[in-house]
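Student: Only the shape, not the letters, is given here:
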Ligand SMILES: Nc1ncnc2c1ncn2[C@@H]1O[C@H](COP(=O)(O)OP(=O)(O)OP(=O)(O)O)[C@@H](O)[C@H]1O
């Protein structure tokens, strides 16, 4: 996993080495400062040369300034490295998410996905920046400071070293606790996001049922769990910080007492004594870094693992390696013994055989749950049949590039999804890059002109989140306008079940009739009245085709359709 993690550094190696080099230099300077102070006290002060003293102080200041410059580079460009990696990962995650199958989304929780693309990746970015740098510098400082301490006074250095295992144990034990508490917090954040997404996305339902108090109650429970998880983490953090602080001070006090003895006995100079005390601080600083790494690293790694899992999810429906670009399709569609199940063992479609000729309009009717929507969702390959195959113009769907197939199928579904932008953007979504004229023409053919003319901002009217500012009939017409703009040879229409007033219904029907001219049209009909003109009607029942024929044929046969139509 580490190898995969580091592969993200590759495009930014220049930045990495800049950051890393400056951090190492700054670490070395930190090690040198105590020695400079020792030299200052032991060698410079006794000389009583004021000019030299001022010059040395100026030199020290210059070194501090250099270090400040190095730290600026580390903080800005180091974080730039982190955010670059984060951005790259986020782009990949989003790209992958846009390609995952409907089957996957049927089970996904949007709130959790949002957390993955935002919070998780933020944590990863932090680790990407701090992880390798902190680990290296911690080791370098640890070893360097110890060597210097040993050089100044071996006995004192050994005393300091003796306490290291206890301090390390502290860091490791508390690091482990920290990891667990962060994992809990993350899980709570995920719950939170799901709750927010559903409660706010469904706020109209909440209010319609007067269930605000109920939602508040559920939210309060999540809120309290999140608070508790955070409190647990802060408890660990407080204990860990206090113990570390105490440990460091303990070492310093011991060094002070023992060191004072050495100074009195003449084994240690005053400058060496002060320098040593400063080195103790430098020596233990890596422990803080290690603690910080231990605290952020698990969060980043947990996030990275979830990120890897997400990228590893199989998009299921993809282009076969030898898939070809679909030619301009005419729309001869054949379903050959098509079977399908959303879940294993629960058959939804059971051996559907159907041939649709190019240009034909075929209507699908039958009881709710018969599998009409499912059957037509197989045509743009939103789901893959579990048995049999579907061909268009003799080409199996699976042999065509997905995009080239979907480009040639227009969909108008029952619940139209609009994006939160303007009418122009929403209609234009049918064919990105369409001109204003083309958009207006499509709107006109979908009988939207009058509505647009009545709006103060016309096509620039903002439709609200998911198009809430439009009526059901208007949304339907926007979907039809999109299909006009797309101009595909094949159409799949799922008639709105919501009751529209007869005038609107007539207008929509006219628009749909106009849309289907010259295209192979498969239409799911919920009202039999609208499909009399269909060339053929397919009656579905329990995942099979029960009857098939024109309205007149089926009426004459006196079967299911005749009973439904009666
Ligand atoms: N995404 C899904 N995951 C699992 N089961 C599903 C899914 N979508 C639909 N189903 C099930 O598949 C069966 C067929 O549903 P489908 O929507 O195809 O029927 P339909 O004939 O179009 O019904 P309606 O006229 O009510 O729209 C139903 O039993 C439904 O519960």
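Tutor: That came through, no problem. Note that the structure is predicted; figures quoted are calculated from it, not measured.

Student: Find the nearest non-adjacent residue to the most centrally placed residue in the chain, please.
Tutor: In the chain, the centroid-proximal residue (C-alpha atoms, centre = their mean) is residue 117; its distance is 2.4 Å. Leaving out its chain neighbours, the residue that sits closest to residue 117 by C-beta to C-beta, 6 or more residues apart in numbering is residue 93, at 5.4 Å. (Each C-beta comes from the backbone N, C-alpha and C, glycine too.)

Student: give the contact list for the residue nearest to the centre of the chain.
Tutor: If you count contacts by C-beta atoms under 8 Å, 6 or more residues apart in numbering, residue 117 has them with 90, 93-94, 97.

Student: What distance do you get for the residue nearest to residue 117 to residue 227?
Tutor: 29 Å (C-beta to C-beta, to the nearest Å).

Student: near the ligand, which of the contacts of residue 117 show up?
Tutor: Near the ligand, judged by C-beta under 6 Å from any ligand atom, there are no entries from the contacts of residue 117.

Student: Among those, the buried ones, what's the PyMOL command?
Tutor: For the buried members of the contacts of residue 117, the matching PyMOL selection, counting by 16 or more other C-beta atoms under 10 Å, is:
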select buried, resi 90+93+97
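
Student: and the contacts of residue 117 as CSV, adding pLDDT?
Tutor: Output for the contacts of residue 117, formatted as CSV (pLDDT from 0 to 100):
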residue, pLDDT
90, 93
93, 92
94, 93
97, 92
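
Student: Pick out whichever of the contacts of residue 117 sits closest to the ligand.
Tutor: residue 97 (17.8 Å; C-beta to the nearest ligand atom).

Student: What is the three-state secondary structure of the closest one?
Tutor: helix (DSSP: H, G, I helix; E, B strand; the rest coil).

Student: Quick check, it in contact with residue 313.
Tutor: No - if you go by C-beta atoms under 8 Å, residue 97 and residue 313 don't touch, sitting 9.2 Å apart.

Student: Does residue 518 belong to a helix, a strand or coil?
Tutor: coil.

Student: That one: what's it in contact with?
Tutor: residue 359.

Student: Parallel or antiparallel, list what pairs with the helix or strand where residue 388 lies.
Tutor: Following DSSP states H and E, one finds residue 388 within strand 387-392. Partners of strand 387-392 in the sheet, by DSSP bridges, are strand 333-341 (antiparallel), strand 395-396 (antiparallel).

Student: Please identify the deepest-packed of those strands.
Tutor: strand 333-341 (a mean of 18; mean count of other C-beta atoms under 10 Å).

Student: Just to check, residue 423 is in contact with residue 467?
Tutor: No - with contact defined as C-beta under 8 Å, residue 423 does not count as touching residue 467 (9.1 Å).

Student: what about those two, which has more around it?
Tutor: residue 423 (27 against 22; other C-beta atoms under 10 Å).

Student: what's the spacing between the more buried one and residue 82?
Tutor: Taken as C-beta to C-beta, the span from residue 423 to residue 82 is 41 Å.
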